[in-house]
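# Okay, predicted coordinates and the sequence, questions at the end:
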Amino acid sequence: MKFNGETLGYVKKGSFKLNGKEAEYTPIEAEQVPDGPVEIVLTKNATIEPTFSLIELEYERLQATMGGALVKEGEGADAKVVGWDAPVNLDAVIGNFVLDFYTGRSIPVPRALLLASITGDVTFATPTELSCKVLPIKDLSDVQKATYGIRDTSTVADEPQG
């Protein structure tokens, strides 16, 4: 699983859900036909809203999924990351999302908003985790491009496209 070309990390077993949502429609009814609609108008295509929990809370991963700033100690090449600060302003994390399956197929989402929050308990039995949700966004620079698809993994570009 990658966001903006970077591997997100380990996903908690059993936490990944595609959350497919069916297409929305409006039935059109006529007075003369009492037993059902005379037309059904599609108002929104089916979509997905993947959710999952990451179980590696490394500072760089927190910044990649939630925004904010890395806290560094030292200067230049000797600087060491020693922490992470939550975003001060609204910090939308937008980019491309790719989910690879063991079957050799992938689900690419060319442009998505990644929402994340720290959840779980601080115990040895239950790790603290990063609860994530991916919301596909229409790319207005190319309205003919699908918001997601299913492809052979070998044909999916690895670099950021968001």
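Received, thanks.

# so Arg61, which of the three states?
For Arg61, the secondary-structure state derived from DSSP: H, G, I helix; E, B strand; the rest coil is helix.

# which ones are touching it?
Arg61 is in contact with 8-9, 54, 130, counting by C-beta atoms under 8 Å, 6 or more residues apart in numbering. Glycine gets a C-beta too; all of them are placed from N, C-alpha and C.

# in this structure, what residue sits furthest out from the centroid?
Gln32 (46.4 Å; C-alpha atoms, centre = their mean).

# And that residue, what's its pLDDT?
The confidence metric pLDDT takes the value 94 at Gln32.

# Of the contacts of Arg61, which belong to strands?
Using DSSP state E, the members of the contacts of Arg61 that fall in strands are 54, 130.

# In JSON lines, list the contacts of Arg61 along with neighbour count, distance to Ser15 and pLDDT.
Formatted as JSON lines, the contacts of Arg61 follow (neighbours: other C-beta atoms under 10 Å; distance: C-beta to C-beta, whole Å; pLDDT from 0 to 100):
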{"residue": "Leu8", "neighbour count": "21", "distance to Ser15": "12", "pLDDT": "86"}
{"residue": "Gly9", "neighbour count": "16", "distance to Ser15": "12", "pLDDT": "84"}
{"residue": "Leu54", "neighbour count": "21", "distance to Ser15": "9", "pLDDT": "90"}
{"residue": "Leu130", "neighbour count": "24", "distance to Ser15": "10", "pLDDT": "90"}
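
# could you dump the contacts of Arg61 to a markdown table with distance to Pro37?
Listed next are those as a markdown table, based on distance: C-beta to C-beta, whole Å:
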| residue | distance to Pro37 |
| --- | --- |
| Leu8 | 44 |
| Gly9 | 47 |
| Leu54 | 44 |
| Leu130 | 44 |
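
# any idea which of the contacts of Arg61 is closest to Lys17?
Leu54 (14.0 Å; C-beta to C-beta).

# who's the closest residue to that closest one other than its chain neighbours bridged to?
Residue nearest to Leu54 in three dimensions, not counting chain neighbours: Leu130, with 4.1 Å by C-beta to C-beta, 6 or more residues apart in numbering. Under the criterion DSSP bridges, Leu130 forms beta bridges with Leu54, Ile118.

# Alright, calling it a day.
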